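Enquirer: Could you look at this predicted model? Sequence included:
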Amino acid sequence: MISTRGRYAVRVMIDLAEHGEEGFVPLKEVAERQEISKKYLEIIMKDMVAGGLVQGASGKGGGYRLCRRPEEYPIGEVLELMEGSLSPVACLTEGKADCPRRAACRTLPLWEEYDRMVHDFFYGKTLADLIRPLPPEDRK
């Protein structure tokens, strides 16, 4: 299951993409538009900055902005930064020791196929696929 951290991170990325022409977007504005606690977003944004997804600036005119163009952000990258591995079972998670039952596991092909579907789905969608230009009256 994708947690609120992952879902909110995607929403924030969409918001920054839609308001990107404004330069750095104040977190207060993102929080208001997305109806998410500013305090919770501060925690999420810290991880997103550390993960290289967004750039932050403090002070007057500060806020956050994307580091790349929206079409260069696979949604899977955002989710994995926030959630960790999206693999359905531990034995498919990168860096985990091989399961001693791997060679005899009758369910492994099922989990591998599911893992590929999830990976291909989220890495096949980009931030650009989720954004749409906002009408001028909706820009705040």
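Expert: The structure has been received and is ready for your questions. Numbering: from 1, shown residues only.

Enquirer: Look at the closest residue to residue 83 other than its chain neighbours and give its secondary structure.
Expert: In space, and not counting its chain neighbours, residue 83 is closest to residue 6: 4.6 Å by Cβ to Cβ, 6 or more residues apart in numbering. Just so you know, the C-beta spots here come from the backbone N, C-alpha and C atoms, and that holds for glycine as well. Following DSSP: H, G, I helix; E, B strand; the rest coil, we place residue 6 in the helix state.

Enquirer: Neighbours of residue 53, how many?
Expert: By other Cβ atoms under 10 Å, the residues close to residue 53 number 23.

Enquirer: what's the distance between it and residue 12?
Expert: 9 Å (Cβ to Cβ, to the nearest Å).

Enquirer: returning to that earlier point: what's near enough to touch the residue nearest to residue 83?
Expert: Residue 6 makes contacts with 78, 79, 82, 83, as judged by Cβ atoms under 8 Å, 6 or more residues apart in numbering.

Enquirer: can you check residue 8 too?
Expert: Counted by Cβ under 8 Å, 6+ apart, residue 8 has contacts 34, 36, 40, 41, 44.
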